[in-house]
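*Asks:* Model the structure of this input:
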Amino acid sequence: MTGDYKALKLIASSNPHIRNNEDTRSIMLDVIIALCPALAWSIYRFGVRALVAAAVSVASAMCWEWLYRKALKKPQMLGDLSAAVTGLLLSMVCPVTLPYWMLIVGNFFAIVVVKQLYGGLGKNFMNPALAGRAALVACYASQMTSWIAPGEKAALSLSGVDVVTAATPMALMGEQFTELTTKFSVSDMFIGFTGGSAGEVSAMMLLIGGLYLIIRKVISWHIPVAYIGTVALLALIFPHGNDPILYMCYSVFGGGLMLGAFFMATDYVTSPVTKKGQLIFGVGCGLLTVFIRTFGSFPEGVCYSILLMNCTVWIIDRSVKPVRFGVDPEAEKAKKKEAAKK
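*Replies:* Numbers count the residues shown, from 1 in each chain. Below is the predicted model of the structure:
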């Protein structure tokens, strides 16, 4: 010992004191890896424009974060890859034909308004990518509801080009369910031979990515199972047509349910911290998704259901807060009743 201890760095942090190699960057990198199968499939189905749109979205999200923190003289956080994940997710919930500049606008709202103005990563109360999508739908409804037809390739530049558009499977789920079953089979829905955004075309690729996240213990099974299970159960109870099983399969494999359940609703910042709270959160997302799909003017309800449930996380966490170790639950309740009387 020759004074080497002076070079050591003492880090004081709150409990629990667990040594773990995971950090925000490694978690976000796992999310990016998990999204790669769905992104690769969208490139195969829609052409190189899907890749370019994802690249533009990621670059703009990181640029907006850098500019904001530079302007306010805050330390840069681009290395944690959270902005990159937001940009990638936003590109996957938008039509592949959406103009690039609209993606940039959407990322401004997601990064600057929803994330940074509330204090940055860990302080936003709703999912930035979904909030960016909601803002784009509110501002550019026509472009956000124009989907390229199945089998068509999108040109890199759409100026002066007529794009062949078609209704997505979710748009046909209601009164036109019979037409949907004649156009697309269950395997088409599962594998990804339908129209839609990069994040809703292939349930199979999204399921692969979701299972990867669970195996890597990036997310737990509670929210995805509760979310998808609730949608499946309600589809069985209240089906369109004469085949409840068939309607359930189309409800689960169609739209952005898989992307929302595995990649959006499980966001650490905007979801409950307890397992019981996560189950409640997942069930709530499922109920709202089915309600919006059935009675809403938009055919897809995943985006708004998760955003609405994000706003309830504080009360869910408060309601299912576990009792402190060594504290008698009955005595704690008695104290609260006495305090309420005063």
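
*Asks:* low pLDDT regions in this protein?
*Replies:* 1-22, 158-167, 174-175, 323-333, 336, 340-342 (pLDDT under 70).

*Asks:* could you redo the last one with a cut-off of 50?
*Replies:* Along the chain, segments meeting pLDDT under 50 span 1, 14-18, 160-162.

*Asks:* Tell me which residue lies nearest the centroid of it.
*Replies:* Centroid check for the chain by C-alpha atoms, centre = their mean gives Met264 as the closest residue, at 2.0 Å.

*Asks:* separation between that residue and Asp23?
*Replies:* 22 Å (C-beta to C-beta, to the nearest Å). Just so you know, the C-beta spots here come from the backbone N, C-alpha and C atoms, and that holds for glycine as well.

*Asks:* got it, and Ile228?
*Replies:* Taken as C-beta to C-beta, the span from Ile228 to Asp23 is 29 Å.

*Asks:* Tell me which of these two has more neighbours.
*Replies:* Neighbour tally, Ile228 and Asp23, criterion other C-beta atoms under 10 Å: the higher count belongs to Ile228, 23 against 11.

*Asks:* name the element that one belongs to?
*Replies:* helix 222-237 (DSSP states H and E).

*Asks:* Let me see the contact set for Phe281.
*Replies:* Ile223, Ala226, Ala265, Ser271, Pro272, Met309, Thr312, Val313, Ile316 (C-beta atoms under 8 Å, 6 or more residues apart in numbering).

*Asks:* wait, the third one sits on Pro224?
*Replies:* Yes - look at Ala265 against Pro224 with C-beta atoms under 8 Å: they come within range, at 7.5 Å.

*Asks:* Determine the residues that are contacts of both of those two.
*Replies:* With C-beta under 8 Å, 6+ apart, Ala265 and Pro224 have common neighbours Gly282.

*Asks:* For the stretch 1-150 of the chain, which segments count as strands?
*Replies:* Ranges of strands in the stretch 1-150 of the chain, per DSSP state E, counting those that start in this stretch: none exist.

*Asks:* any idea how far Leu51 lies from Glu300?
*Replies:* Following C-beta to C-beta, the distance that separates Leu51 from Glu300 is 23 Å.

*Asks:* of these two, who's got more company?
*Replies:* Glu300 (26 against 18).

*Asks:* ok, that one touching Thr294?
*Replies:* No - using C-beta under 8 Å as the test, Glu300 is too far from Thr294 to be in contact (11.8 Å).

*Asks:* Could you name every residue contacting both of those two?
*Replies:* Joint contacts of Glu300 and Thr294 (C-beta under 8 Å, 6+ apart) do not exist.
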